[in-house]
Every structure is written in structure tokens, then in C-alpha cells.
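K.L.:
Build the 3D model from these lines:
(2 chains)
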2 protein chains.
Amino acid sequence: MPERMSRDRADLDALFESTVLAHIAFIDEDGSPAVVPTAVARLGDTVVAHGSTGSRWMRLIASGIPTAVSLAAVDGVVVARSAFESSLVYTSGVLFGSWAALEGDAKEQALRAMTDRLIPGRTAEVRASTKRELAATTVLGMPIGEWSLRSSDHWPEDPDEDIAGDAWAGVLRYGPSAATVRVHPAPDLRSGIPEPASIGRVRGVR
Amino acid sequence: MPERMSRDRADLDALFESTVLAHIAFIDEDGSPAVVPTAVARLGDTVVAHGSTGSRWMRLIASGIPTAVSLAAVDGVVVARSAFESSLVYTSGVLFGSWAALEGDAKEQALRAMTDRLIPGRTAEVRASTKRELAATTVLGMPIGEWSLRSSDHWPEDPDEDIAGDAWAGVLRYGPSAATVRVHPAPDLRSGIPEPASIGRVRGVR
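P.N.:
Numbering: from 1, shown residues only, chains lettered A, B, ... in the order given. Model (predicted):
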């Protein structure tokens, strides 16, 4: 499978734009490998993630142990004339580094970034977080340092004898899942509250 | 965030149906954590993955070292009346175990399952893999043993004072990215070759 490696930071940033879900791998306290899926956002040169203060894995990560963080997007399928030449269209990045808790303004800024990442402009539409809510939330940041990025996106590359045959070939390209988003107002929504601009932005495909 | 834990194997199988991308975490030869995204399929009680025989991480995994395998699907966003109560709609499963190379019939069956997982019925439309292609491919299987699964899917659960306010609330639900699939025939496709049934099945949303 022909793969393209990239050292271009713009490609990494584009992956953060397309993918909110990261997988954080680390070595658990008992020495075994562990992996946790979690939402992330990029804030300048920092990856941020958040969770409950009760989260065991976040406490472990916050101690500064080494982690490997994967973001991956499957964007389609290269449908070649043989199973062997068929492959995924994807972009995959792995970052290596360690995390530390963010506090004060940095913590609040990261939380706003997380919310606006999923629902653009949402933080301007809701009340600020309370002190109690902030105290119940752990926010971690990891500097973007060592990383690698690879992608694969090409036409089928079949040998001549397969091209001469009768099998179809092409590329399937998946759209963003947000392109088919459905919006369900809450059953306890008070009447007269219109759908806000942030939800319209999600409907417009992020 | 209210989470539901499941010990129901049917829920795990449903996650394999909805998600082709897994993240395999392991401890690298230098002792550091590593994570690799890869396509997987479930074949009965075995998870299968494949790659090039030249793949370094597959060779390492094939030695039987412990791994943690995550499958995760983000299906939407719970948009609460505060950032704090907002959360993801998701299903996440982690399996623990070790991998071994599959050979012979088991290998060929697993490869067919991988292809048909992405493009249902495709293997019936293309030639069989050659001995040379099979020799260039590593196929690994991991028995489904220890695993955990959690999901979150609920209406916003705001406190009364927020419900009395003016903020909108609801749930965004993403459709499958395959619902917006685009099909691009190869530039070197011979004229007169129609789009096969397998591609129609993908258009119909898997």
C-alpha cells in the first residue's frame, strides 16, 4: 500500500480539525499496555483533553508518564481489481509525549476550546462554568513535540493483467458523519427557545 | 457523565459492526507505549487484522505480547444547557489479549472477512488471492476473551435552574459517514464495466 509520510505541521493540524477522537496509550500501573479513547482539541502547540477528577486513567496520565496518542481518520476505500490491492483511504497521526494538569486561565481556555470544538460557538451561548464545576473537572495538556503522520489516498494500482480483466475498480470516499447530523431538541426544552446559531454551524458540516 | 457498562456480548458484536477501525496498544521493544490504528473484523470469537509481512509492529504483536485493543464510535453530542453537562454520545470497547499469526485456510478466510467487511460481497467479484499475495500478507488473530464496553447516550441532564433559563438543549446525532459515500470509478477502468453489486451495498449504507 503506497503511503505518504508527512513532516508538515499543517497536515497534523488538519487531522486535528477532522478528528475529535484520540486514543491515548500508556503503560498501566501493573505494567500492562492500556488504551483510552477520549475527545481532544488542539490549542496552539498543546493537545488538551478533559474528564472527571474521579477518572483513574487521567490521574495516572497527569503524573507525567510517557504516552502515545493516535488520531486516525478513515476517509474511504481504494477498491482495486483484487482484494490484495484494495486498501483504506486514511490519515493517521501518532504523537509521543506526556501530559500535565492545566490550572487557572489555561484550564478554562482549554475547556472552552473543547466545547467549541464539538459545537462551534457554543460557549458564547451558555453560562460560564461554576467554580464547583471547574473543581470537578480535570484538564490535561500535552505539548506537541515528537509526532509522525502518514496518509494513503490514491487510485487503484492494479497490475496490467487485472486491468485487462472484467473487475470494476475505483475509490469510495466517505463524507463526514456530521453531514447527516440529526438534531433532537430536549423533551424538557422550554417552548419559545429557538435553535441557536452553534447548532446551525454543526448542521452546516464542520 | 452517565455511562452504561455492558457485559453483553451482543453489544460488543454491534460495535464491531459499526466500527472497522481499531487501535492496538502495546509496549514497544524499548519499553515505551505504542499505539497503531488498523482495520479489524470479527470472525466468530476472533478479532482479525492484516498487513504487510514487512510491518514491524505486526511482527512484534505476532510474538504474543500483551495488547489492549480499542474500538470506539462517536455517534453524536449531548448539547446540555451548560458546557459542563454537555458530553459525547459514544460506544467504546476495549479488549485485552494477544495475537498470533493465522495460516492456511484460517488465513484466507480472515482475509476474505476483512475485504467483505469493507465492501460487502466484494470477494465474490474479484479473483482469489495468489500464493505470492498470500505470502506477502500477515494475518493476525486475537481470541475475544477479556473485554469491557461502555456507552453514553441520553438526554441533557441539567439542573432545574438551568432548565428555567434561556439556553437551548438537545442531542445531535451523527449519521454514518457511509451515508454520504461518493463513488469514483478508476480513470483506467475499461469501458463497459458496470458498477458491481458490492458497491451498491456500500451506497445503501452498511
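
K.L.:
pull the longest strand from chain A.
P.N.:
Secondary structure assigned by DSSP state E gives strand A:67-79 as the longest strand of chain A.

K.L.:
pLDDT of the helix or strand following it, averaged?
P.N.:
Following strand A:67-79 in sequence order, the next helix or strand is strand A:87-97 (DSSP states H and E). For strand A:87-97, the mean pLDDT works out to 97.

K.L.:
other SSEs contacting strand A:87-97?
P.N.:
When contacts are defined as 3 or more C-beta pairs under 8 Å, 6 or more residues apart in numbering or on different chains; DSSP states H and E, strand A:87-97 packs onto helix A:9-18, strand A:67-79, strand A:137-143, strand A:146-152, strand A:170-173, strand B:33-39. Placement of C-beta: from N, CA and C, glycine included.

K.L.:
Spell out whether the fourth one and chain B are in contact.
P.N.:
Same thing as strand A:146-152. No. Counting by C-beta under 8 Å from any C-beta of the partner chain, chain B has no neighbours in strand A:146-152; the shortest distance is 10.1 Å.

K.L.:
Same check on the first one?
P.N.:
No. On the criterion C-beta under 8 Å from any C-beta, helix A:9-18 is out of touch with chain B, staying 11.0 Å away.

K.L.:
The longest strand of chain A and chain B in contact?
P.N.:
Yes. Using C-beta under 8 Å from any C-beta, strand A:67-79 comes into contact with chain B via A:67, A:68, A:69, A:70, A:72, A:74, A:76, A:77, A:79.

K.L.:
for those, which one is nearest residue B:32?
P.N.:
residue A:68 (7.3 Å; C-beta to C-beta).

K.L.:
Is the closest one bridged to anything, and to what?
P.N.:
The partner list for residue A:68 in beta bridges (DSSP bridges) reads residue A:25, residue A:96.

K.L.:
Count the residues that sit near it.
P.N.:
By the criterion of other C-beta atoms under 10 Å in any protein chain shown, residue A:68 has 25 neighbours.

K.L.:
cool, residue A:8 as well?
P.N.:
Counted with other C-beta under 10 Å, the neighbours of residue A:8 add up to 10.

K.L.:
go on, residue A:160?
P.N.:
For residue A:160, using other C-beta under 10 Å, the count is 8.

K.L.:
distance of it from residue B:38?
P.N.:
From residue A:160 across to residue B:38, the span is 30 Å (C-beta to C-beta, to the nearest Å).

K.L.:
Also residue A:197?
P.N.:
From residue A:197 across to residue B:38, the span is 39 Å (C-beta to C-beta).

K.L.:
out of these two, which sits in the busier spot?
P.N.:
Set residue A:197 next to residue B:38 and count neighbours by other C-beta under 10 Å: residue B:38 wins out with 22 against 12.

K.L.:
I'd guessed the more buried one sits against residue B:25; true?
P.N.:
No. Applying C-beta atoms under 8 Å as the test, residue B:38 and residue B:25 come out as separate, 11.5 Å apart.

K.L.:
doesn't residue A:140 make contact with residue A:101?
P.N.:
Yes. Using C-beta under 8 Å, residue A:101 is in contact with residue A:140, at 6.0 Å.

K.L.:
which residues are in contact with both of those two?
P.N.:
With contacts defined as C-beta atoms under 8 Å, 6 or more residues apart in numbering or on different chains, the residues shared by residue A:101 and residue A:140 are residue A:62.

K.L.:
when you compare where the longest strand of chain A runs with where strand B:67-79 runs, what's the angle?
P.N.:
Orientation check (axes from the mean of the first three to the mean of the last three C-alpha atoms, to 10 degrees): strand A:67-79 against strand B:67-79 gives 80 degrees.

K.L.:
chain center to strand A:67-79: distance?
P.N.:
10 Å (C-alpha atoms, centre = their mean, to the nearest Å).

K.L.:
counting contacts, what elements does that strand pack onto?
P.N.:
By 3+ C-beta pairs under 8 Å, 6+ apart, strand A:67-79 packs against helix A:9-18, strand A:21-27, strand A:87-97, strand A:170-173, strand B:21-27, strand B:33-39.

K.L.:
ok, the nearest residue to residue A:93 once chain neighbours are set aside - how many residues close by?
P.N.:
Residue nearest to residue A:93 in three dimensions, not counting chain neighbours: residue A:149, with 4.3 Å by C-beta to C-beta, 6 or more residues apart in numbering or on different chains. If you count neighbours by other C-beta under 10 Å, residue A:149 ends up with 20.
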